[in-house]
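[1] Quick one, fold the following:
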Amino acid sequence: MSQQTSASEQYSEVGRQAHSPSTTAAHPDPDATVIRSRTPPGQTGQASVTALLDADTPWQERSAPRHARSSFPAIREELAYTMMPDILEGPASSWLQCYTSNCVSEEQVERIISSLKDEGLVLDHEGTLRWRDFPDKPSALRYPKKANQQSTGKKDASATTETASSSMATMMHAAAQEPAGRNKTERAVFRSLGTIINTIVENSPPNLSPSVRYKEEPYATDSEISGSQHHVDGALRLLKSTTPPTLTRSTAATSDIVLCFEFKCEAVPENINDNRWKALYFAFHALHSDCQRKHTYSITIEDNHVSLWYFSRSHSAKSQEFDLLDVRAVVRALSALIFSNVEDLGYDANIRRISEWDEDAQKVQLRYVYRLDNRFFKTLKCRDEYDDLYIIGRATRVWEVIEVTSFDDIAPLAKAQRTILRDVWLGHDSDTEREIQEKIFARCDELGRNLPLENDPRLCGVDEATRTLLRERLKDGSYKNLFLTIEADYRGALSRPPAEGFTPAPYIFSEPVYLNQEAKQRGADPYRGSTSRANSIATAAIRSLPPPSMPREYKPRQRNFVVYQEVCSALHELDDLYDVVQALLDALLALQILFLISWIHRDVSSGNILSFMRRGNLSDLEYAKEFNLSVGGRSSDPKTGTTIFMAWEVYSSTSIHKDKEADDLDDTEANDAQETPDTSLRHNFQHDLESMFWILTWLVFTHIPGQDCAETIVELFHSRSPRFSIARLDFLTDHKRCKKRLGSLRQDLPPVIRAGLLTMRVALHNGYLQRGTSIGDMSSYSPIYGQFRNILETIAASVPRGTVKLVRPRPPW
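    Okay, the predicted model is just below:
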């Protein structure tokens with residue numbers, strides 16, 4: 001026993017040394033909901049732009065994640081690196097108690113072991129249990145000759161029962177048939193583990209029903225997402241498939257794989273890394289490809305060291321290693337998983353997979369049916385889906401749906417209209433979007449009954465026409481047209497809290513060369529932002545990053561379904577600059593109304609400003625909150641926005657202000673902004689407005705065809721560019737440099753576009769400089785809304801519909 005303990009400790013220490021990063025870094029959130037853009041083939045100056053831009057630009061159709069087109073080893077390393085702050089480790093007993101149904105008693109474990117004895121798979125020599133097919137560690141069994149020498153060297157082998165001796169002889173005879181010196185594959189060495197698992201399944205104790213069985217073939221797993229495939233060494237597959245019969249295939253359906261196995265016969269650092277990266281990527285692949293999945297599992301084995309893995313939207317957890325040769329420990333772990341119910345194994349009972357003939361595509365298509373209490377909605381088209389190298393986070397999906405009768409009756413209801421369903425994981429203690437919207441509407445209605453006085457600081461610098469518009473909207477309730485109409489919402493599955501005794505373990509994954517230079521600086525939100533394709537741009541490796549400003553809390557997340565009446569287009573889906581500007585004007589009015597009731601949105605992006613019947617809507621209110629300096633502080637899980645639309649202060653956790661005169665359009669060069677580290681920096685009203693500025697700038701640079709401005713696009717809108725932060729600061733605070741970059745736009749564009757962006761920049765910069773640290777001064781924000789409105793109205797008047805067409809850049813695959 002002491003030898004086993006020291007070996008385990010030595011193994012763990014090897015892992016810590018091999019995987020220990022120099023620091024634990026905060027990381028961006030997978031939750032930035034974006035849709036990839038497209039540009040027509042053959043556009044001059046566009047190919048190189050889109051190849052470099054794909055990190056942060058949105059996409060739409062369900063296909064393999066953009067990362068799947070890249071080098072798998074590079075992707076696995078990067079995924080492991082981003083997961084460092086999210087992985088916990090603790091005792092295997094706690095892992096089994098927390099992350100399975102925990103329905104197998106010790107008495108039932110003994111019954112199962114007795115069945116394995118009856119089948120000859122477990123040998124019992126004077127109370128010492130041994131596996132028939134694992135007489136020694138896998139590293140010794142890899143070479144048959146070596147295995148024979150080591151196994152026959154045990155003096156007590158002759159003292160076993162006649163059955164045990166016969167089994168041992170048979171096993172050694174089979175091993176001897178292998179050519180001397182030839183390696184056996186990991187799958188061959190570990191194949192008997194499948195026999196053990198399926199024997200447990202077929203000899204279930206009373207009152208226990210298995211949900212899975214072991215399957216080694218086929219080696220490849222596949223999903224309905226085009227181009228998405230993964231290889232595993234073995235798997236626990238559902239006994240009752242979730243894959244509709246019409247979608248059967250020769251490869252194993254990823255949706256049916258509850259748990260993947262990764263085997264290595266030798267416990268050396270490179271094997272440990274490889275197993276763990278593969279297990280992690282399988283979890284990412286499974287959770288991304290199947291909307292039913294709440295969480296997933298893996299088991300990694302290196303030599304005789306077994307680890308259990310759990311991956312969810314709130315955290316991931318690895319058990320401490322236990323010994324493969326410990327029969328009782330292995331049976332206890334396998335039984336806990338085999339006899340867990342399907343929902344506890346990670347399948348959401350409120351979502352069902354179906355197949356249906358699609359007249360437009362002329363083929364059978366996979367659909368999902370979502371249940372919201374007693375209402376059912378069938379997916380028709382994916383409108384928006386997260387595409388980031390993260391498991392933890394919101395994992396937002398947006399579907400075009402139609403209401404149906406039930407899971408089993410999927411014909412649309414009479415007079416049912418197409419609607420939008422949003423599937424998102426939020427903090428379990430967070431308000432839903434409906435709850436937040438109701439709070440906002442209640443405050444707006446109250447304000448409509450008690451309109452602000454003429455000298456109210458919130459109306460400082462607001463012209464009479466805008467004041468009249470705001471009063472009318474608030475008084476008659478038409479402000480609600482600026483937001484989406486929520487048809488239904490539902491709180492669904494809840495992720496599990498961390499198991500008892502589990503603590504952060506960032507050393508578990510080795511720190512790879514950091515491939516995507518993302519927003520991982522101090523204070524960067526570990527739950528926002530989007531990642532990038534690993535091989536689309538060469539960047540300098542970053543091996544040392546600042547630690548997060550506060551420790552993670554690992555709060556559970558809860559699944560939320562929201563159905564909206566309006567079927568809208570996101571801002572980046574529009575094909576005319578005039579329509580974009582009109583939608584921005586309506587979104588600006590919505591933000592100004594939020595300002596009047598002291599609320600901030602905190603997640604303004606091109607996907608959250610929508611167009612419906614040429615009317616702008618501000619959506620996605622999950623992160624909206626009241627701006628109150630006397631309440632709360634900086635959260636350990638800060639909520640910000642999509643990286644390329646994020647205000648520079650929020651992105652960098654640095655304030656822009658100094659006691660010098662602000663700049664104006666006549667300056668030959670703007671004053672350099674002073675960077676003052678500010679750990680207490682709050683998301684304020686101007687940050688939402690700055691996001692609008694970045695959205696319009698991004699669309700003008702990336703969606704107007706025939707431009708040669710690749711360098712500017714990479715530096716301003718590619719978050720892994722080495723100059724991303726400094727380039728955006730320069731663009732925002734240096735008039736001369738901003739003007740030079742705008743000079744790379746097409747020269748035949750209406751001059752009002754460049755002038756408008758320059759003027760918006762000045763309004764923002766002056767606002768930061770003049771406000772300084774007085775972020776509670778409401779009168780310092782109100783003039784900027786009017787300045788933005790004048791700029792957007794001027795652009796709209798100068799670019800009538802049809803003047804400037806927009807084209808979505810194509811992805812590089």
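[2] Tell me where this structure is predicted with low confidence.
    Applying pLDDT under 70 to the chain flags the ranges 1-73, 144-183, 217-230, 246-252, 387, 510-551, 631-641, 658-680, 810-813.
[3] In contact with residue 685: list those residues for me.
    Under the criterion of C-beta atoms under 8 Å, 6 or more residues apart in numbering, the contact list for residue 685 reads 591, 595, 600, 627, 781. C-beta here means a position set from N, CA and C on the backbone, and glycine is covered the same way.
[4] my read: the last one touches residue 595, true?
    Yes. Using C-beta atoms under 8 Å, residue 781 and residue 595 qualify as a contacting pair, with a distance of 6.4 Å.
[5] thinking again about what came up before, nearest to residue 705, of the contacts of residue 685?
    Distance to residue 705, by C-beta to C-beta, is smallest for residue 591 among the contacts of residue 685, at 29.7 Å.
[6] what's around that closest one, how many residues?
    Neighbour count of residue 591, defined by other C-beta atoms under 10 Å: 24.
[7] That one in helix, strand or coil?
    Three-state assignment for residue 591 (DSSP: H, G, I helix; E, B strand; the rest coil): helix.
[8] Over to residue 617?
    strand.
[9] give the contact list for it.
    By C-beta under 8 Å, 6+ apart, the neighbours of residue 617 are 481-484, 566, 568, 583, 586-587, 590, 609-611.
[10] count of neighbours near residue 278?
    Neighbour count of residue 278, defined by other C-beta under 10 Å: 22.
[11] Any idea how far the host helix or strand of it is from the middle of the chain?
    Using DSSP states H and E, residue 278 maps to helix 269-289. Centre-to-centre, helix 269-289 and its host chain are 15 Å apart (C-alpha atoms, centre = their mean, to the nearest Å).
[12] what helices or strands is the helix or strand encompassing residue 650 leaning on?
    Taking DSSP H and E as the criterion, residue 650 maps to helix 648-652. Applying 3 or more C-beta pairs under 8 Å, 6 or more residues apart in numbering; DSSP states H and E, we find helix 648-652 packed against strand 654-656, helix 685-702, helix 724-733.
[13] So which bits of it are buried?
    The neighbour-count check on helix 648-652 (16 or more other C-beta atoms under 10 Å) flags 648, 649, 650, 651, 652 as buried.
[14] Dump the residues you listed to TSV, plus distance to residue 297.
    Converted to TSV, the buried residues of helix 648-652 look like this (distance: C-beta to C-beta, whole Å):
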residue	distance to residue 297
648	41
649	41
650	36
651	35
652	38
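[15] show me the residues around residue 499 that make contact.
    Shown in contact with residue 499 (C-beta under 8 Å, 6+ apart): 88, 90, 94, 95, 97, 98, 99, 317.
[16] Going through those residues, which ones are buried?
    Neighbour counting with 16+ other C-beta under 10 Å marks 88, 90, 94, 95, 98, 99, 317 as buried within these.
[17] is it true that the third one touches residue 497?
    No. Shown here, residue 94 and residue 497 do not form a contact pair, counting by C-beta under 8 Å, at 11.6 Å.
[18] Name the residues of the helix or strand where residue 754 lies that come out as buried.
    Assigned by DSSP H and E, residue 754 belongs to helix 751-771. Applying a neighbour-count criterion of 16+ other C-beta under 10 Å, the buried positions in helix 751-771 are 752-769, 771.
[19] What helices and strands are in contact with that helix?
    Other elements packing on helix 751-771 under the criterion 3+ C-beta pairs under 8 Å, 6+ apart are strand 654-656, helix 685-702, helix 724-733, helix 735-742, helix 782-798.
[20] For those, give me JSON lines that also has distance to residue 279.
    Putting the helices and strands packed on helix 751-771 into JSON lines (distance: least, C-beta to C-beta, whole Å) gives the following:
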{"stretch": "strand 654-656", "distance to residue 279": "38"}
{"stretch": "helix 685-702", "distance to residue 279": "37"}
{"stretch": "helix 724-733", "distance to residue 279": "32"}
{"stretch": "helix 735-742", "distance to residue 279": "44"}
{"stretch": "helix 782-798", "distance to residue 279": "49"}
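[21] closest one to residue 618 among those?
    Shortest distance between residue 618 and the helices and strands packed on helix 751-771, using C-beta to C-beta, is found for helix 685-702: 9.7 Å.
[22] quick one: buried residues of the closest one?
    Here helix 685-702 shows 685-702 as buried, counting by 16+ other C-beta under 10 Å.
[23] That one vs helix 782-798, what angle?
    20 degrees (axes from the mean of the first three to the mean of the last three C-alpha atoms, to 10 degrees).
[24] chain center to the next helix or strand after helix 685-702, what's the gap?
    Next helix or strand after helix 685-702 toward the C-terminus (DSSP H and E): helix 710-717. Helix 710-717 sits 25 Å away from the centroid of its parent chain (C-alpha atoms, centre = their mean).
[25] Show me what helix 710-717 is packed against.
    Packing partners of helix 710-717 (3+ C-beta pairs under 8 Å, 6+ apart): helix 47-53, helix 685-702, helix 724-733.
[26] 10 Å instead?
    Packing contacts for helix 710-717, counted by 3 or more C-beta pairs under 10 Å, 6 or more residues apart in numbering; DSSP states H and E, involve helix 47-53, helix 685-702, helix 724-733, helix 735-742.
[27] okay, those in JSON lines with distance to residue 427 next?
    Shown next, in JSON lines, are these (distance: least, C-beta to C-beta, whole Å):
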{"stretch": "helix 47-53", "distance to residue 427": "31"}
{"stretch": "helix 685-702", "distance to residue 427": "21"}
{"stretch": "helix 724-733", "distance to residue 427": "28"}
{"stretch": "helix 735-742", "distance to residue 427": "38"}
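[28] Nearest to residue 83 among those would be which one?
    Closest approach to residue 83 among these (C-beta to C-beta): helix 724-733, 22.4 Å.
[29] Name the residues of that closest one that are buried.
    724, 725, 727, 728, 729, 730, 731, 732, 733.
[30] So which of the residues you listed is the closest to residue 452?
    Closest to residue 452 out of these is residue 732 (30.4 Å), distances taken as C-beta to C-beta.
[31] Hmm, residue 656 and the closest one touching each other?
    Yes. Between residue 732 and residue 656 a contact is recorded at 7.6 Å, counting by C-beta atoms under 10 Å.
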